[in-house]
Structures are given as structure tokens and as C-alpha cells.
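Participant: Below are the sequence and a predicted model; questions follow.
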Amino acid sequence: MQYIFVNDKPILLTTKVEKEDGFKNYLLKSVNIGKVIKKLNSTNLEAVRLIGKNEEKLLSKFLKLLPNVIAGGGKVYNSKGEILFIFRNNKWDLPKGKTEKKETIEETSLREVEEETGVQGLEIVKPLDTTYHIFKRNGKHKIKVTYWFEMKTTFEGKLFPQENEGISKVEWLSPEASIKALENSYANIKFLVK
């Protein structure tokens, strides 16, 4: 099952039809995605399920419904086992950003983490789950597809929030502080950090 978030409410891609309780079922092949987004944003529905026939093709069919924005980001650990968080738009988040021309997704992820936080000497350890969320820019809905990587660094220098990107703080948070920060974060970040 794949999750795509509209704010903190999930759209679930699945092949199973379930009795509706707190969510609504739609057929993926005939869904009006604009209406689904509006319904999620303006009602007390907890989730929406988009039902398709072939498990392997659900995500690729869904991604054709809206323009895609490709991004990369990092869940970065320092030598003390702390995780690097940014504070943007009054929520705790992980550093990430859009790809630039001719960059690999790994290059994007490393560059964005460094630009948004000032952290250097980053090394990718392994890929993490990809997250999907729908956002609105200039009156149009788009799907942000973010490829995440676990990273490590021995960097102990000063952290610099990229203020022109709306980042007001950058902090290394202990596992306990990370759990607290997730109380004021996004659903896809909670999913990644747990």
C-alpha cells in the first residue's frame, strides 16, 4: 500500500475495496483528483482510498494525475547519533529540495542538505523510503516526489538556516527530542523518522 499525503491526510493506493468508515473509496482509473483533494481539505474525512487492479501499476498511474516535482533530502546523523532537523513554516522538517538540471538525485539530496543547514562533509549511507505529497503552487496542484537518503557526518561547525527558504532554525536533535519535534511535523516526516 502506498501513501500520498494531502496535508496530513493520506490517499492510499490499494487493490482492496474495504467498507467505508472514516474514509472514502474511489476507482483510480476514473477519479477526479481535484475533487478528492478538495474533499480531504474541506471535510472530516480521515483518508481516501484509490482502488486499482494491478498493485505494481498503482503508483505510476497515480503519478500521471498531476505534474510531478522531484526532490531529494536527507535524514542526517552526527557522531552523537543526533538527527538534523530544520524549522520551516512553524513545523519541524528534514532538509530537502528540488532537483536542478543534470543533477542525480543523490547530488540533489547532498546539495540541498548543505544549502539549507550549512552542514558539510555529508556522506550517503543508504536510500530510505520515497515520500509523496500533494501541494498547491500558483493555484495548481502538484505531487512532490521526495527521494530520501540516510546520511552521516562528523561536522561540528556552526549551523546556518537558509532563511530565504523560510528556514528559521537548524538543530541537531537527540532521539528523545526528535520524538517531541515530530509532534509538530508533517505526516511523511513522521513516517521517515520513526
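Facilitator: Everything's here; your move.
Participant: how far does stretch 44-62 sit from the chain's center?
Facilitator: 18 Å (Cα atoms, centre = their mean, to the nearest Å).
Participant: For A47, list each beta-bridge partner.
Facilitator: Bridge pairing for A47 (DSSP bridges) gives the partners F23.
Participant: Tally up the residues packed near it, please.
Facilitator: 15 (other Cβ atoms under 10 Å). Any C-beta I mention is one placed from the backbone N, CA and C, and that applies to glycine too.
Participant: same check, this time on K75
Facilitator: Around K75 there are 21 residues (other Cβ under 10 Å).
Participant: That one: what's its closest spatial neighbour, skipping adjacent residues?
Facilitator: In space, K75 comes closest to E150 once its chain neighbours are excluded; the distance is 5.3 Å by Cβ to Cβ, 6 or more residues apart in numbering.
Participant: Grab the longest strand from this protein for me.
Facilitator: In the chain, with assignment by DSSP state E, the single longest strand is strand 123-137.
Participant: show me where the protein has helices.
Facilitator: 33-42, 58-63, 105-117, 175-181, 187-193 (DSSP state H).
Participant: from the chain's centre, how far out does the shortest one sit?
Facilitator: Its chain's C-alpha centre lies 17 Å from the corresponding centre of helix 58-63 when counted by Cα atoms, centre = their mean.
Participant: what ranges of this protein fall below the confidence cut-off?
Facilitator: For the chain, no stretch has pLDDT under 70.
Participant: rerun at 90
Facilitator: In the predicted model of the chain, residues 1-2, 7, 17-22, 191, 193-194 satisfy pLDDT under 90.
Participant: domain assignment for it?
Facilitator: The chain is divided into the following domains under automatic domain parsing: 2-63, 68-193.
Participant: can you give me the end-to-end distance of the shortest one?
Facilitator: This means domain 2-63. When the termini of domain 2-63 are compared using Cα to Cα, to the nearest Å, they are 12 Å apart.
Participant: so can I have CSV of the helices of the chain showing distance to H141?
Facilitator: As requested, these are exported to CSV (distance: least, Cβ to Cβ, whole Å):
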stretch, distance to H141
helix 33-42, 6
helix 58-63, 13
helix 105-117, 22
helix 175-181, 28
helix 187-193, 16
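Participant: for the ones you listed, which one sits closest to H133?
Facilitator: Ranking the helices of the chain by their distance to H133 (criterion: Cβ to Cβ) puts helix 187-193 first, at 5.6 Å.
Participant: Packing partners of that closest one?
Facilitator: Helix 187-193 makes packing contacts with strand 2-6, strand 123-137 when contacts are defined by 3 or more Cβ pairs under 8 Å, 6 or more residues apart in numbering; DSSP states H and E.
Participant: can you rerun that using 6 Å?
Facilitator: Packing partners of helix 187-193 (3 or more Cβ pairs under 6 Å, 6 or more residues apart in numbering; DSSP states H and E): none among the helices and strands.
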